[in-house]
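A.B. asks: predicted model follows, preceded by the sequence.
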Amino acid sequence: MNERVPRARDAGPDRAGDAEAGDDHARTHARAPAARSVRRAARPRRSGSRLVPAFTSAHASRGAGPRPRAERGARAGPAGGRVARRILAGPRRARLSSPLVRRCPVSNEPFTDEDLAQLEARGVPVAEARAQLARLAAPPPAARLDRPCTVGDGIEQLPEERRAALEARAAAAAGAGRVTAFVPASGAATRMFQDLLACRAAGGRLERAEVEALAAAGHAGARGVLAFMDGLPRFAFHAALARELAARNASLEALRPAGPWRPVLDALLDDEGLGYARLPKALVEFHAGPGGPRTAFEEHLIAGARTLRAADGTVRLHVTASPEHLERFREARARAQVHWGPALGARWQVAFSVQSPATDTLAAEPGGAPFRDAHGALLFRPAGHGALLGNLAAAGADLAFVRNVDNVPAEEWAEPARRWTLALLGLLDETRAAADAALARLEAGPAPQAARDAAALARDALGERPPATDDPAALGAWAAAVLDRPMRVCGMVPNTGEPGGGPFWVRGADGAVTRQIVESAQVDVANEGQRATFARGTHFNPVFMALALRDRRGRAYDLARYVDEDAAIVTRKTADGRALLALERPGLWNGGMARWATRFVEVPLEVFTPVKTVLDLLRAEHQPR
């Protein structure tokens with residue numbers, strides 16, 4: 001359960017950071033007494049050719065580096081205090097040359113020269129690093145939930161006849177080469193095999209009887225291993241695992257019934273074998289088929305060919321990957337082109353990008369100081385999927401469709417996802433076209449009817465509340481600001497207890513209530529009313545969304561302008577057994593898109609087929625029919 005951390009001023013002396021640090025998802029609300037205020041930068045900073053989202057502190061906005069010594073206090077007795085005040089009130093040259101000032105190098109600068117070199121090497125501006133520490137010391141407020149989005153109040157339903165027309169519209173857009181699939185695929189499969197790793201760490205030869213005894217004693221990993229071994233022939237990687245064991249003079253069929261299972265797990269997980277513990281989830285063999293096993297990445301290639309192929313056969317994808325695995329992704333794409341391309345009439349045009357190290361964020365001690373590793377270096381951590389905003393912008397797409405790399409069914413089960421992908425893209429394209437037409441009429445000159453029509457579109461399609469004014473100019477200006485933004489249409493699945501954020505009406509600092517996707521970590525669960533509102537959510541976010549990234553003149557929107565930096569999340573984690581505070585950037589589809597024009601559409605559960613553990617691959621949607 002998420003646990004609110006007491007504010008520092010309520011904790012008493014030396015207790016601000018003493019709360020339990022075991023909950024990875026607990027939102028932190030502790031506020032350091034000396035924390036500086038933070039304001040959001042209007043635009044991101046650039047580091048080289050990389051876009052670096054920026055938090056800007058009030059201190060940093062005055063310029064990099066520590067404050068002049070003359071502005072710092074001096075520790076002295078009563079007489080010394082009078083001398084210090086007299087010196088500091090005098091001419092600037094006298095202030096700076098005073099021995100008293102020179103002897104008092106008191107500074108609030110948290111970074112050493114070595115730190116500054118480390119920041120420069122990563123492409124992180126010093127002002128950005130200072131602002132991150134300020135965020136960690138004074139986390140932003142929790143989201144203010146107004147009410148859940150429900151069918152008829154924030155979530156739309158599309159009847160069958162309406163979907164057919166939208167699918168046709170999307171197919172035309174795809175045929176014109178306007179659509180790119182955006183697939184975040186840099187995540188490792190470690191958590192997918194967590195049970196197997198935990199059981200192996202228990203030691204022993206892992207005979208069946210031994211594992212059964214562990215399971216009976218409550219070892220969750222052991223229960224997972226038993227289910228894994230019983231279902232092993234149904235996994236797509238079964239043949240590859242058998243070959244790996246044969247190369248080690250062992251037989252999978254001989255070992256599977258009773259063990260020992262340690263050699264099987266070693267062959268599957270270790271880098272010397274299949275390496276699945278550290279391999280990207282995208283490169284794990286997910287599904288068996290008549291043409292051989294397919295990785296999750298290959299399934300996305302095939303789904304793109306069947307859904308988004310242009311008239312000339314081009315299928316455009318933008319895939320984020322970790323640098324050390326880029327070559328393996330390229331090899332997989334080349335194999336797919338030879339193996340699957342001719343039958344599908346597809347030519348895959350895949351752009352790969354990596355997450356810039358400049359998007360990682362600093363960790364802090366519970367008291368607010370920079371967290372340092374055993375060697376004294378600053379510790380940086382991945383900043384969550386919000387760090388991919390620059391990758392999305394770099395995709396250069398007109399329209400994009402986003403879903404997670406593990407949310408891909410076997411091809412025999414893929415038809416619902418294919419049709420709903422097109423339906424959401426069609427609704428997006430229709431809404432974008434209507435908005436562009438309304439903007440063109442507004443730009444043509446003052447016309448009260450054009451202003452009223454544009455405001456009605458913003459209200460009816462996007463759920464925005466027009467201002468109470470009869471002034472056509474004011475109404476038109478408001479409508480233009482609402483419509484001229486990046487746009488998204490997000491599928492929402494009826495809640496069945498799956499983890500993840502959901503759609504809510506959220507009240508902003510300005511009092512406006514807008515549709516947002518909210519994660520549990522953004523909610524103040526210590527507030528009974530907010531906790532109850534979150535629990536009333538009827539739908540969750542499967543990350544199944546269509547995006548429009550260009551304005552009516554074909555110019556790419558500057559996506560960093562539409563981020564709500566106050567949606568950053570501070571969580572408690574540990575490193576080397578020590579508690580720390582970690583900063584996650586506003587989530588890609590949470591605060592990262594908070595100021596986008598937004599529509600939510602109910603989609604069926606069939607489009608949500610995630611693989612969070614290896615045992616999920618035994619579900620029907622990941623098996624042949």
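C.D. replies: Done, it's in. Here the structure is a predicted model, which is why all the values come from computation and not from measurement. Numbers count the residues shown, from 1 in each chain.

A.B. asks: lowest-pLDDT helix or strand in this protein?
C.D. replies: Across the helices and strands of the chain, mean pLDDT, DSSP states H and E gives its lowest value to helix 8-11, namely a mean of 32.

A.B. asks: can I see the domain layout of the chain?
C.D. replies: Domain assignment for the chain, taken from the TED database, gives 137-189+281-606, 190-269.

A.B. asks: so which of those domains is the most surrounded?
C.D. replies: Highest mean neighbour count of these: domain 137-189+281-606, a mean of 19 (counted as mean count of other Cβ atoms under 10 Å). Yep, even glycine has a C-beta here, placed from its N, CA and C like the rest.

A.B. asks: measure it end to end?
C.D. replies: 42 Å (Cα to Cα, to the nearest Å).

A.B. asks: now that domain: mean pLDDT?
C.D. replies: If you average the pLDDT over domain 137-189+281-606, you get 94.

A.B. asks: so Phe329 makes contact with Ala321?
C.D. replies: Yes: contact criterion Cβ atoms under 8 Å: Phe329 and Ala321 qualify, at 5.1 Å.

A.B. asks: export the domains of the chain to CSV and tack on distance to Val614?
C.D. replies: Putting the domains of the chain into CSV (distance: least, Cβ to Cβ, whole Å) gives the following:
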stretch, distance to Val614
domain 137-189+281-606, 8
domain 190-269, 5
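
A.B. asks: for Asp115, find the nearest of the ones you listed.
C.D. replies: domain 137-189+281-606 (5.6 Å; Cβ to Cβ).

A.B. asks: quick one: contacts of stretch 304-314?
C.D. replies: 174-177, 179-181, 315-317, 340-341, 344-349, 401, 414, 418, 421-422 (Cβ atoms under 8 Å, 6 or more residues apart in numbering).

A.B. asks: same question for stretch 377-385.
C.D. replies: Applying Cβ under 8 Å, 6+ apart, the set of residues contacting stretch 377-385 is 111, 114-115, 118-119, 122, 184, 355, 357, 359-363, 370-373, 569, 573, 575, 580, 582-585, 587-589.

A.B. asks: can you do 7 Å?
C.D. replies: 115, 118, 122, 184, 359-363, 370-373, 575, 582-585, 587-588 (Cβ atoms under 7 Å, 6 or more residues apart in numbering).

A.B. asks: let me see the contact set for Arg144.
C.D. replies: Per Cβ under 7 Å, 6+ apart, neighbours of Arg144: Val506, Arg507.

A.B. asks: do the same with Ala387
C.D. replies: Contacts of Ala387 (Cβ under 7 Å, 6+ apart): Gln355, Thr359, Arg585.

A.B. asks: nearest residue to the first one other than its sequence neighbours?
C.D. replies: Excluding the flanking residues, the one nearest Gln355 by Cβ to Cβ, 6 or more residues apart in numbering is Ala387, at 5.5 Å.

A.B. asks: next, the one you found: secondary structure please.
C.D. replies: Here Ala387 is recorded as helix under DSSP: H, G, I helix; E, B strand; the rest coil.

A.B. asks: how far away is it from Val506?
C.D. replies: 22 Å (Cβ to Cβ, to the nearest Å).

A.B. asks: before we move on, back to that, now do the shared contacts for Phe329 and Ala321.
C.D. replies: Shared contacts of Phe329 and Ala321 (Cβ under 7 Å, 6+ apart): Phe352.

A.B. asks: and the residue lying closest to Tyr562 once chain neighbours are set aside, which helix or strand is it part of?
C.D. replies: What sits nearest to Tyr562 in space, not counting adjacent residues and going by Cβ to Cβ, 6+ apart, is Arg595, at 3.9 Å. For Arg595, there is no helix or strand it lies in under DSSP states H and E.

A.B. asks: thought Arg595 was touching Glu565?
C.D. replies: No: using Cβ atoms under 7 Å, Arg595 is not in contact with Glu565, being 10.8 Å away.

A.B. asks: for Asp491, list each beta-bridge partner.
C.D. replies: Check again: residue 491 is Gly, not Asp. Here Gly491 shows beta-bridge partners Val601, assigned using DSSP bridges.

A.B. asks: how about the secondary structure of Ala579?
C.D. replies: Three-state assignment for Ala579 (three-state DSSP): strand.

A.B. asks: how much space between it and Phe380?
C.D. replies: As judged by Cβ to Cβ, Ala579 and Phe380 stand 17 Å apart.

A.B. asks: and for Arg452?
C.D. replies: Applying Cβ to Cβ to Arg452 and Phe380 gives a distance of 51 Å.

A.B. asks: do the same with Gly341
C.D. replies: Taking Cβ to Cβ, one finds Gly341 at 40 Å from Phe380.

A.B. asks: kindly report the same for Glu324.
C.D. replies: 17 Å.

A.B. asks: what's the answer for Ala185, then?
C.D. replies: Ala185 is 22 Å from Phe380, by Cβ to Cβ.

A.B. asks: same check on Ile517?
C.D. replies: Taken as Cβ to Cβ, the span from Ile517 to Phe380 is 26 Å.

A.B. asks: element containing the residue lying closest to Val482 once chain neighbours are set aside, please.
C.D. replies: In space, Val482 comes closest to Ala458 once its chain neighbours are excluded; the distance is 4.2 Å by Cβ to Cβ, 6+ apart. Per DSSP H and E: Ala458 is located in helix 448-462.

A.B. asks: and that helix, what does it pack onto?
C.D. replies: helix 415-443, helix 472-483, strand 597-602 (3 or more Cβ pairs under 7 Å, 6 or more residues apart in numbering; DSSP states H and E).

A.B. asks: now those as a markdown table including distance to Leu559?
C.D. replies: What follows is those, written out as a markdown table (distance: least, Cβ to Cβ, whole Å):
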| stretch | distance to Leu559 |
| --- | --- |
| helix 415-443 | 16 |
| helix 472-483 | 17 |
| strand 597-602 | 13 |
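
A.B. asks: I'd like to know which of the contacts of stretch 377-385 are part of helices.
C.D. replies: Mapping the contacts of stretch 377-385 onto helices (DSSP state H) picks out Asp115, Gln118, Arg122.

A.B. asks: out of everything not next to it in sequence, what's closest to Leu252?
C.D. replies: Per Cβ to Cβ, 6+ apart, closest to Leu252 is Ala242, 4.3 Å.

A.B. asks: and what of Ala305?
C.D. replies: Ala346 (3.7 Å).

A.B. asks: so who does the one you found touch?
C.D. replies: Listed by Cβ under 7 Å, 6+ apart, the contact set of Ala346 reads Ala305, Arg309, Gly313, Val315.

A.B. asks: one step back: reformat the contacts of Ala387 as JSON lines; add distance to Tyr276.
C.D. replies: Listed next are these as JSON lines, based on distance: Cβ to Cβ, whole Å:
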{"residue": "Gln355", "distance to Tyr276": "22"}
{"residue": "Thr359", "distance to Tyr276": "27"}
{"residue": "Arg585", "distance to Tyr276": "29"}
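
A.B. asks: of the residues you listed, closest to Val211?
C.D. replies: Nearest member of the contacts of Ala387 to Val211, counting by Cβ to Cβ, is Gln355, at 37.4 Å.

A.B. asks: correct me, but that closest one touches Leu389?
C.D. replies: No: counting by Cβ under 7 Å, Gln355 does not reach Leu389; the two are 10.4 Å apart.
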